[in-house]
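[1] Structural data only, the sequence is not supplied:
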């Protein structure tokens, strides 16, 4: 693979990686939102349990049982949503890792090829500069007498 081809592939690989990472970023935000809702729901349930220790109007009307049922149903829905988000995130992470691997391989290969080219150019320049002394003529012809 030539340096020219690698230099054309690199922006494509970077764009693909950025696109895949953006999809994971959206899933991370959705996961954080879902976890925050679960935490809020847990806090509400704990507050209701703390208030239910003393008999009150909610218990007399049976609203505490309905409230607990509503909490359980909401928790179930949120946990289901979270599981779905986590599954999508895992699939997206596989794509991100693959895109990162390609991008990184192209960057490393391009850097190595550039180093090799620079080393080769330096060797050619050194050989060209030393050629008059190495060919047995004793140095450059236009030097001092």
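    It's in. In this text the structure is predicted, and so the values were computed from the model without any measurement.

[2] Let me see the ranges of the helices in the protein.
    With DSSP state H, the ranges of helices along the chain come out as 3-51, 57-61, 63-134.

[3] How much space separates the most centrally placed residue in the chain from residue 112?
    For the chain, residue 21 is the residue whose C-alpha lies nearest the centre (Cα atoms, centre = their mean; 4.9 Å). Applying Cβ to Cβ, to the nearest Å, the value for residue 21 to residue 112 is 25 Å. Any C-beta I mention is one placed from the backbone N, CA and C, and that applies to glycine too.

[4] Neighbours of residue 124, how many?
    Residue 124 sits with 10 neighbouring residues when counted by other Cβ atoms under 10 Å.

[5] Now do the same contact list for it.
    For residue 124, no contacting residues are found, by Cβ atoms under 8 Å, 6 or more residues apart in numbering.

[6] For stretch 66-73, list every residue counted as buried.
    residue 71 (16 or more other Cβ atoms under 10 Å).

[7] meant to ask about stretch 2-15, not that
    For stretch 2-15, the neighbour count (16+ other Cβ under 10 Å) marks 6, 9, 10, 13 as buried.

[8] Verify the stated contact: residue 89 with residue 29.
    No - when contacts are counted by Cβ atoms under 8 Å, residue 89 is not listed as touching residue 29 (10.7 Å).

[9] neighbour-wise, which of these two wins?
    When residue 89 and residue 29 are compared for neighbours, residue 89 comes out ahead with 17 against 11, by other Cβ under 10 Å.

[10] got a list of what residue 37 touches?
    residue 78.

[11] just the one 4 residues further on next, same as before
    Applying Cβ under 8 Å, 6+ apart, we find residue 41 in contact with 71, 74, 75, 78.

[12] Show me which of the residues you listed are buried.
    With burial judged by 16+ other Cβ under 10 Å, the buried subset of these is 71, 74, 78.

[13] I'd like to know which of those is nearest to residue 95.
    Top of the list for closeness to residue 95, among the buried ones among the contacts of residue 41 and by Cβ to Cβ, is residue 78 at 25.9 Å.
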